[in-house]
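Q: Please find the sequence and the predicted model below.
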Amino acid sequence: MRTYAGHTDPRAANALFRTNLAKGQTGLSVAFDLPTQTGYDSDDPMASGEVGKVGVPIGHIRDMEDLFAGIPLAKMNTSMTINATAAWLLALYIAAAERQGADPRELRGTTQNDILKEFLSRGTHIFPPEPSLRLTADTIEYTVTNIPKWNPVNICSYHLQEAGATPVQEIAFALVNAFAVLDRVRQRPGVSMPDVVGQISFFVNAGIRFIEELCKLKALVRLWDRYMAQRYSVADAKKRRFRYGVQVNSLGLTAQQPENNVQRIVLEMLAVTLSKEARARSVQLPAWNEALGLPRPWDQQWALRMQQVLAFETDVLEYDDIFEGSTVIETKVKDLMDGAEAEVARIQQIGDAAEAIEVMKRALVASHAARQRRIESGELTVVGVNKFVEHEPSPLTATGSDSILVVDPEAERKQIERLRAFRAQRAAAEVSAALRAIEDAATSGGNILPASIRAAHAGVTTGEWAGVLRRVFGEYRAPTGLQGATFTSDSETLLAVRRRVSEVAAELGHPLRLLVAKPGLDGHSNGAEQVAVRAKEAGFEVIYEGIRLTPEQIAESALQEDVDAVGISIHSGSHLTLVPRIVELLRAKGITDVPLFVGGIVPDPDQPVLLRAGVARIYTPGEATLSAIVRDIAEVIAERRGHAAGAA
């Protein structure tokens, strides 16, 4: 039983961990901040506004020791949601455990380490696909031999569903991602594939379609067993077992009537616990208010208590599979298996998952767009969003900003001060030698883990470790899913928006141009992609260059592309730092008549600040349909340009 947690700084996160463990949590699931996930130190300009916002910043060994102070790592089961820098964070964890006197062979836990899904859905990648997969294989090879109780990779279909994957796509894409990893590991001399397969785990998503999600897990259990026997010749059924943890769906959490999220979470938890054949080994639940902002300790406690009530008060876990013999369930499971196997075969005709990234990404964007159209048309009901929207004021949100956790705005400055003090105390010669050893391992093809563990003890920082590998491997920009894709929708609402966009374009004498951009390190691009899709469908010319842009790049792109509007998507809590900076840079370039729109998780108290800074409109999750947003953009363009023309 876990809750996904971590914020502000290592000491604050440690206090939260210890509190949660005292309440009956049986393992830790660590959230790292975006600079840590993408290989930047807290004082790097790319980290500005991001430190401690969506997770805990870990820059070096002392941070890791502070994070787990008073928590014996030899007895703890720790899950770490980390991918591009997984080898480094595992090295820091091993070093911290060694300093506690623990034997690394006794460590238990999981590094997510599924880099392919980062290219497809979540965006915390750094290096190109092949060197990224090499680091994943290094971690697996090292742990199988030296930390046999550790799960070195957690193939993650969770974020695929968040990015729009259908159940068939979620199954198939997760499987081909796993194959890409396993195919590279079995090329390593002396590696035991049964041992490797026995240590691989999955992290899946459970959505609100209860029966379909239950059947999806049954299909995954059976397909995994079959592929491991046939493709990798694993004879031991125990090692072929599909072992997975789950976080239930965050895509379906709504900012409108957020109290409805509680029953959504409970139903989704049942989907992965009722069937013994496909029961999750570990469950972590989001908090009811995650669509509003960071949950408070009380909100996380509520999520933990949901699990405890199910485990200790109900009889759900006491029986054999209650769905055995159900023709309805078996028919659905077979349909999902057949569909997933056909999708796997289609991808394998291209090559493997690393070679099919663009095709898979395009499919996810299209599936997500189809889902959004079904919500807007009313075909797919979302209670409180497009049906049953009348409601009484919620006492849960009556306290406004107190309904969510607000990270101390001074936390970033303090973390940077601690980082610089740590650097000043290090032995420079030891750090230099450790960095050279990492570079040697990277260039020679040696396993990166031994050198990384020595570097952790020497005091190397996260940014320094990643910086060496950036020089060796280079960086990578993943496909956006919009290149070469065509989207069509002829709903009555969209046709009306298309007519209005055409009218405004005719008045201005050129097609309307919209720059959609994601500043900072936030890789959750689903919202930006869907706005881009709908704007294209409505007749806009859309410029979308993907994630991780600096304010300077966004302002320059707005100038060079001569856009009529700029749309910023941001979910990491860095809006108060990055958005005013973008406004400032646009004005400095003389771009004063181009409205700026912001979408993302922007708490109510922050919205007046952004509006005063010059933002035209702010859209929070589920607040408006995509078609309404696109029409609004066109109307504001017309209003601004009309005013400018009149003034002239």
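A: That came through fine. Note that the structure is predicted; figures quoted are calculated from it, not measured.
Q: Report the beta-bridge partners for the closest residue to Thr550 other than its chain neighbours.
A: Of all residues not flanking Thr550 in the chain, Pro519 sits nearest, at 7.0 Å (Cβ to Cβ, 6 or more residues apart in numbering). Where C-beta positions appear, they are placed from N, C-alpha and C, glycine not excepted. Per DSSP bridges, the residues bridged to Pro519 are Leu549.
Q: Confirm for me that Pro519 is in contact with Ile582.
A: Yes - when contacts are counted by Cβ atoms under 8 Å, Pro519 is listed as touching Ile582 (6.5 Å).
Q: what sits in contact with each of these two?
A: 551, 554, 568 (Cβ atoms under 8 Å, 6 or more residues apart in numbering).
Q: Name the SS class of the last one, please.
A: Pointing back at Ile568 there. The assignment at Ile568 comes out as strand when based on DSSP: H, G, I helix; E, B strand; the rest coil.
Q: burial of it, as a residue count?
A: Neighbour count of Ile568, defined by other Cβ atoms under 10 Å: 27.
Q: can you tell me which residues contact it?
A: So Ile568 contacts 517-519, 554, 578-579, 582, 596-600 (Cβ under 8 Å, 6+ apart).
Q: want to try CSV for those, with distance to Leu482 and secondary structure as columns?
A: As requested, these are exported to CSV (distance: Cβ to Cβ, whole Å; DSSP: H, G, I helix; E, B strand; the rest coil):
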residue, distance to Leu482, secondary structure
Ala517, 13, strand
Lys518, 13, coil
Pro519, 18, strand
Ile554, 17, helix
Leu578, 23, helix
Val579, 23, helix
Ile582, 22, helix
Leu596, 21, strand
Phe597, 18, strand
Val598, 20, strand
Gly599, 17, strand
Gly600, 19, strand
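Q: Please save the CA atoms from the helix or strand containing Ser452 in CSV.
A: Per DSSP states H and E: Ser452 is located in helix 448-458. Output of helix 448-458 as CSV, limited to C-alpha atoms (Å, rounded to 0.1, in the frame of the first residue of the first chain):
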residue,chain,number,x,y,z
ILE,A,448,27.4,2.5,-16.2
LEU,A,449,26.3,1.4,-12.7
PRO,A,450,29.7,0.7,-11.0
ALA,A,451,31.2,4.0,-12.0
SER,A,452,27.9,5.8,-11.0
ILE,A,453,27.9,4.3,-7.5
ARG,A,454,31.5,5.4,-7.0
ALA,A,455,30.5,8.9,-8.3
ALA,A,456,27.6,9.0,-5.9
HIS,A,457,30.0,8.5,-3.0
ALA,A,458,32.4,11.0,-4.4
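Q: residue ranges with poor pLDDT in this protein?
A: 1-3, 400-401, 484-490, 622, 643-648 (pLDDT under 70).
Q: Tell me where the chain has strands.
A: For the chain, the strands defined by DSSP state E occupy 4-5, 28-31, 77-81, 108-111, 150-151, 154-156, 201-206, 244-248, 282-284, 513-517, 541-544, 565-570, 596-600, 617-619.
Q: out of these, nearest to Asp66?
A: Shortest separation from Asp66 across the strands of the chain is recorded for strand 28-31, at 12.9 Å, computed as Cβ to Cβ.
Q: I'd like the distance from that closest one to the chain centre, please.
A: On the basis of Cα atoms, centre = their mean, to the nearest Å, strand 28-31 sits 14 Å off its chain's mean C-alpha point.
Q: helices and strands around that strand, which ones?
A: strand 4-5, helix 10-22, strand 77-81 (3 or more Cβ pairs under 8 Å, 6 or more residues apart in numbering; DSSP states H and E).
Q: Neighbouring strands - and their directions - for it?
A: By DSSP bridges, strand 28-31 pairs with strand 4-5 (parallel), strand 77-81 (parallel).
Q: So which of the shared contacts of Pro519 and Ile582 is the closest to Ile618?
A: Among the shared contacts of Pro519 and Ile582, Ile568 lies closest to Ile618 (Cβ to Cβ), at 9.8 Å.
Q: Could you check how far that closest one is from Ile582?
A: The gap separating Ile568 from Ile582 is 7 Å, by Cβ to Cβ, to the nearest Å.
Q: hey, what's in contact with both of those two?
A: 519, 554, 596.
Q: in the longest helix along the chain, what's buried?
A: Longest helix of the chain, by residue count under DSSP state H: helix 327-350. For helix 327-350, the neighbour count (16 or more other Cβ atoms under 10 Å) marks 329, 332-333, 336-337, 339-341, 343-344, 347 as buried.
Q: Perfect, I'm done here.
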